[in-house]
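*Asks:* Sharing a sequence plus its predicted fold:
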Amino acid sequence: MLENIKFCCTGKQRSILSVDKTYNLSELFVTPTVFKHIALCKTGLKDKVHPLFFGPIFLHGNSDYRTYNIFFSELQGVFKKHQINVENIIFGSDEEFAMVSALRKNFNTSKHLLCTLHMRRNLSISLKNSQGVPMRLREYISNMIFGENGIIYSTDDIMFRKKMLKFRNICIVNKYDKFLKNMFKSFEKKLYEYVYIPLKNKFISQVYTNNNSESMNSVLKMMIKKVVPLHTLITIISDQVFYYEKELERAVIGLGDYYIDCDLSKHDRVSLLKFVKESTAEVGSNNHKSTTISKYITSSYGKITLMRPKGSKKLSQFRRSRKF
């Protein structure tokens, strides 16, 4: 898992490491990290569609800053131990204050994005609940900020400030005093730091949404139809993580629903037939030698090493019994 994160989330064409909490799976909350495996592609499609993989998953009873800080502090230590350069990682999340604060403390050199769908929805809810802003005006404000030529796509800081001033004037004219007093400054700061700056500096090519995390959370919810005991939850999550790791192994030998994108991967694709033939030939040549056969088989193609199968034959059994 960690090698996959290192390969997919710290290179030139890197995947965003998304974090999102989900509910109603157990008595505990589940917060998985999710990333796209950029070396794998879905078979049968014209375009390259990279599958989603689970990263480290956090099970917790509370959702406060202290709890999230324990997880991200541990995660930071694990990344350091495995020489994963956190400066190259781009984290993505929603606006949950405790999560964002703990993430920023432990990964202060990493880049961080906020989900624009959550920001847009939360802005609309704030304007409605605090000031009773009608839907038409809320939609106009949202488009002014997040639309095609919105504030987040400003070409420089001067244009960004100018457009934010226009938004502020709309609030002043319509007497949205509570929103201006309680929410405007924090909203402007988050919009500038977590959306506008990453787009301007081309850390990302398009706005970030938490859709990848939501998709993987849905996978867990489909596997868990109702609230289950903790041990059952852990078993189901482990099986899901194991499933994706197996799909990666299958793709290496040309099986499964995915294939290796050789333009990005450090591994070459090897057909199963080619691998079996070459490995079998290698075993045959070893049988003529008096030396002990290695526990591992390395394809003469030179790229893959697997543990040698032990075989299904019992000790001292030379032919299959025909008695029934």
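*Replies:* Arrived safely. What you see is a predicted model, and the numbers here were worked out from it, not measured in a lab.

*Asks:* can you give me the strands in the stretch 151-300 of the chain?
*Replies:* Taking DSSP state E, counting those that start in this stretch, the strands of the stretch 151-300 of the chain run over residues 258-260, 296-298.

*Asks:* Considering those, which stretch scores lowest in mean pLDDT?
*Replies:* Between those, the one with the least mean pLDDT is strand 296-298; it has a mean of 60.

*Asks:* From the recorded domain assignment, give the ranges for this structure.
*Replies:* 2-249, 270-324 (automatic domain parsing).

*Asks:* highest average neighbour count across the ones you listed?
*Replies:* domain 2-249 (a mean of 16; mean count of other C-beta atoms under 10 Å). Using the backbone N, CA and C atoms, a C-beta is placed for each residue, glycine as well.

*Asks:* chain center to it: distance?
*Replies:* 10 Å (C-alpha atoms, centre = their mean, to the nearest Å).

*Asks:* ends of it, how far apart?
*Replies:* 15 Å (C-alpha to C-alpha, to the nearest Å).

*Asks:* so is Arg14 in a helix, a strand, or just coil?
*Replies:* Three-state call for Arg14 (DSSP: H, G, I helix; E, B strand; the rest coil): coil.

*Asks:* wait, doesn't it sit right on Ile90?
*Replies:* Yes: using C-beta atoms under 8 Å, Arg14 makes contact with Ile90 at a distance of 6.6 Å.

*Asks:* sorry, back to before: would you format the domains of the chain as a markdown table with distance to Tyr258 included?
*Replies:* Below are those laid out as a markdown table (distance: least, C-beta to C-beta, whole Å):
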| stretch | distance to Tyr258 |
| --- | --- |
| domain 2-249 | 4 |
| domain 270-324 | 14 |
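
*Asks:* least reliable of these going by mean pLDDT?
*Replies:* Among those, domain 270-324 scores lowest, at a mean of 51.

*Asks:* hmm, back to that, quick one: closest of the domains of the chain to Tyr259.
*Replies:* Nearest of these to Tyr259, taken as C-beta to C-beta: domain 2-249 at 5.5 Å.

*Asks:* Spit out the contact partners of Tyr244.
*Replies:* Remark: with contacts taken as C-beta atoms under 8 Å, 6 or more residues apart in numbering, Tyr244 is in contact with Pro51, Phe53, Phe54.

*Asks:* The last one in helix, strand or coil?
*Replies:* Phe54 falls in the strand class when you classify it by three-state DSSP.

*Asks:* show me what contacts it?
*Replies:* Met1, Pro32, Thr33, Val34, Met216, Ile237, Gln240, Val241, Tyr244.

*Asks:* picking up where we left off before, looking at the domains of the chain, spot the one closest to Leu255.
*Replies:* domain 270-324 (6.2 Å).

*Asks:* thinking again about what came up before, so for Asp261, which of the domains of the chain sits nearest?
*Replies:* domain 2-249 (5.1 Å).

*Asks:* Apart from its chain neighbours, what residue comes closest to Val78?
*Replies:* Excluding the flanking residues, the one nearest Val78 by C-beta to C-beta, 6 or more residues apart in numbering is Leu2, at 7.1 Å.

*Asks:* The one you found contacts Leu75, correct?
*Replies:* No: assessed by C-beta under 8 Å, Leu2 is found out of contact with Leu75, at 10.4 Å.

*Asks:* Quickly list what the nearest residue to Lys190 once chain neighbours are set aside is bridged to.
*Replies:* Nearest residue to Lys190 in three dimensions, chain neighbours excluded: Leu114, at 6.0 Å (C-beta to C-beta, 6+ apart). Taking DSSP bridges as the rule, Leu114 bridges to Ser93.

*Asks:* Surely Leu114 is in contact with Asp94?
*Replies:* Yes: at 7.0 Å, Leu114 counts as touching Asp94 under the criterion of C-beta under 8 Å.

*Asks:* And the helices in this protein?
*Replies:* 2-9, 65-81, 97-106, 116-131, 135-146, 157-173, 177-182, 184-191, 197-200, 211-223, 230-252, 272-287 (DSSP state H).

*Asks:* nearest to Lys21, of these?
*Replies:* helix 97-106 (7.2 Å).

*Asks:* between the closest one and helix 184-191, how many degrees?
*Replies:* 50 degrees (axes from the mean of the first three to the mean of the last three C-alpha atoms, to 10 degrees).

*Asks:* Quick check: the gap between Lys202 and Ile90.
*Replies:* 12 Å (C-beta to C-beta, to the nearest Å).

*Asks:* wait, I meant Lys185
*Replies:* Taking C-beta to C-beta, one finds Lys185 at 25 Å from Ile90.

*Asks:* likewise Ser63?
*Replies:* Counting by C-beta to C-beta - Ser63 and Ile90 are separated by 23 Å.

*Asks:* now swap in Gly11 and tell me
*Replies:* 11 Å.

*Asks:* likewise Ile172?
*Replies:* For Ile172, the distance to Ile90 - C-beta to C-beta - is 36 Å.
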